[in-house]
Each structure stands twice: as C-alpha cells, then as structure tokens.
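Asks: just need the structure, nothing else, for what follows:
(one chain, ligands or ions: 1)
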Amino acid sequence: MEVIVTPTPETAASAAAQAVLAGLPAGKPPVLGLATGSSPLGLYAELAAAAAAGRVDFSAAKGFALDEYVGLPAGHPQSYRQVLIHEVCDVIGLPLTGLNVPDGTGATDAALEAGAAAYDAAIREAGGVDVQILGIGANGHVGFNEPGSSLSSRTRVKRLAAGTRRDNARFFADDADVPTHCITQGLGTVLDARRLVLIATGSAKAAAIAAAVEGPLSASCPGSILQWHSDAVVVVDETAAARL
Ligand code: GLP
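Replies: Here you go, the predicted model:
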C-alpha cells in the first residue's frame, strides 16, 4: 500500500487524481469504480480538468457505483444514481449510458438479491474495474460495507449502521427518511479492481485512516482491505493523517 500525505484537501485531490490517471489503461476506454460522498469531489474536479486538457477521455468510459440505497424511488435526488449523474457524469463527461448503479428499487428481497448478483456479473462482463475510487466512513466502512462485513463478500443487500444513517441524515429532510438498507459492492468485489485509490481528508477521518493503514487487516475496519491489495494508494491530508 502506498500512503501519500499532502498538506491540504486540494493537494490531496490533485495527488489522488494523478493516482487514478496512472492506473488507467492505454488504448481502451477506462472502467472506473465510483464512490459517492464529499471526499472524492475534488478528485472528480481534477479528473474533469485532465479531460478538458486532453490528458484522458471519459466519453466512452464505464462507471460502476460502489453502492445504492434500497427503497428510494427511481429518480430520487438522494439516490446514488442521481448523485453520480450530477457529481461525476456531468463533471467528467462519463456518458449516462456507461453509468452502472445497483438497482435498489426491487420490490422484494429476491428481486434485490438478483439485482445484486447481476451487478457483479456486469462488472465482470465489462472486463473488471481499472481503478476503484474510494472514500472511507468514520467507522472505517468502505462503500456501505460496515464493520463486521466479510472480507470476501460480493455485492449484496446490507442493513446500514445507525451511525452511518446519522452521518447521512444531513442529505434528507427528516432522519426517518434515511433508508435502512442498501446494496453495496462487497469487499471481495472491491478487491477485484486492478487499482484502489482511497481519498480521505479532515480530522473526522483520522481514526478510520489509522485503523485502515496501521491496524490489523480485519473485518472490524473494512478500510483495512487496502493492505491486502497489491496496488492500493491512500491519499490523505495532514489532518486525516494525524493519527498515523
Ligand atoms: C457514504 C458512502 C461511502 C463514502 C462514505 C464517506 O456513506 N456510502 O462510499 O465513502 O460514506 O462519505 P464522505 O466522503 O462524505 O465522508
């Protein structure tokens, strides 16, 4: 694992973008793994700048979301499909036809599980993810793989931790509107990507980063899976690195 500590969130975004670009294949459209959350927004802006400068072309790229809420109606502004359309596709020029997001609208458990299995199959059919962009939750979660998630898990339906629902309540009108479940790529699915680039900034992530980078490889900190990957880059600013 390579750990890059930079002075500010802005320099972290720039370093993370370089790490993403360096992991993209030459001569074929990129396949990106896409994280939501505030952490990668600066990175996406840097990728947009690189595309504008002709250093990369996302016009035929594919993107695979890490996760999606269960139970939000299609088109809900807080669904991760809508968030990724606005925060990634519109920004870096990734076509909507190339955007893949787990289907959280299934009416039954069986429909949701079938959608989760189909999602892993779609990633395989696309040839796998070249670079998976990651944030990390304050409790160490990756995607929506909460502490305790199996290290070899595949895309599946999960219940959200109470703390994660509280963290994400700011995006909903009422706390009760925050979904209770999600579909998330599994940790095993994430590990299949050829390169992982995790970005974290701010003191609220310092404990999670310390556990992920220097703690044991353990399901109690899903972010620690990066230690297990042969091409993982962790980019943090000084405040997120404070406990390393
Ligand atoms: C969310 C997402 C994660 C994200 C994390 C951190 O719940 N499911 O993919 O990495 O929380 O979000 P933020 O970057 O806003 O702190």
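
Asks: check what pLDDT the residue lying closest to residue 67 once chain neighbours are set aside gets.
Replies: Distances taken as Cβ to Cβ, 6 or more residues apart in numbering put residue 184 closest to residue 67, at 3.9 Å, once the chain neighbours are dropped. The C-beta positions use only the backbone N, C-alpha and C, and glycine is treated the same way. pLDDT recorded at residue 184 is 98.

Asks: what's around residue 184, how many residues?
Replies: 28 (other Cβ atoms under 10 Å).

Asks: backbone phi and psi for it, please?
Replies: phi -130, psi 140 (degrees, to the nearest 10).

Asks: tell me the spacing between it and residue 56.
Replies: The gap separating residue 184 from residue 56 is 27 Å, by Cβ to Cβ, to the nearest Å.

Asks: what of residue 16?
Replies: 14 Å.

Asks: any idea which residue is closest to the centre of the chain?
Replies: Nearest to the centroid of the C-alpha atoms of the chain, with distances taken as Cα atoms, centre = their mean, sits residue 35, at 2.6 Å.

Asks: contacting residues for that one?
Replies: 66, 133-135, 143 (Cβ atoms under 8 Å, 6 or more residues apart in numbering).

Asks: what's the most distant pair in the residues you listed?
Replies: 133 and 143 (11.0 Å; Cβ to Cβ).

Asks: these two: which is more packed in?
Replies: residue 143 (31 against 28).

Asks: so who does that one touch?
Replies: 35, 66-67, 134, 184-185, 190.

Asks: and the ligand, is stretch 143-162 touching that?
Replies: Yes. Contact of stretch 143-162 with the ligand (Cβ under 6 Å from any ligand atom) involves 143-144.

Asks: list the buried ones in that stretch?
Replies: Using 16 or more other Cβ atoms under 10 Å as the test for burial, stretch 143-162 gives 143-147, 149, 151, 153, 155-158, 160-161.

Asks: and which of these is nearest residue 214?
Replies: residue 147 (16.6 Å).

Asks: more crowded one of residue 16 and residue 56?
Replies: Comparing residue 16 with residue 56 by other Cβ under 10 Å, the one with more neighbours is residue 16, at 30 against 19.

Asks: and that one, that's in a helix?
Replies: Yes. Under DSSP: H, G, I helix; E, B strand; the rest coil, residue 16 sits within a helix.

Asks: now it: how far from residue 44?
Replies: For residue 16, the distance to residue 44 - Cβ to Cβ - is 10 Å.

Asks: ditto for residue 58
Replies: Counting by Cβ to Cβ, the gap from residue 58 to residue 44 is 10 Å.

Asks: who touches both of these two?
Replies: residue 92.

Asks: in the chain, which spans are strands?
Replies: 2-6, 31-34, 62-65, 67-69, 99-100, 131-134, 156-159, 181-184, 195-200, 232-237 (DSSP state E).
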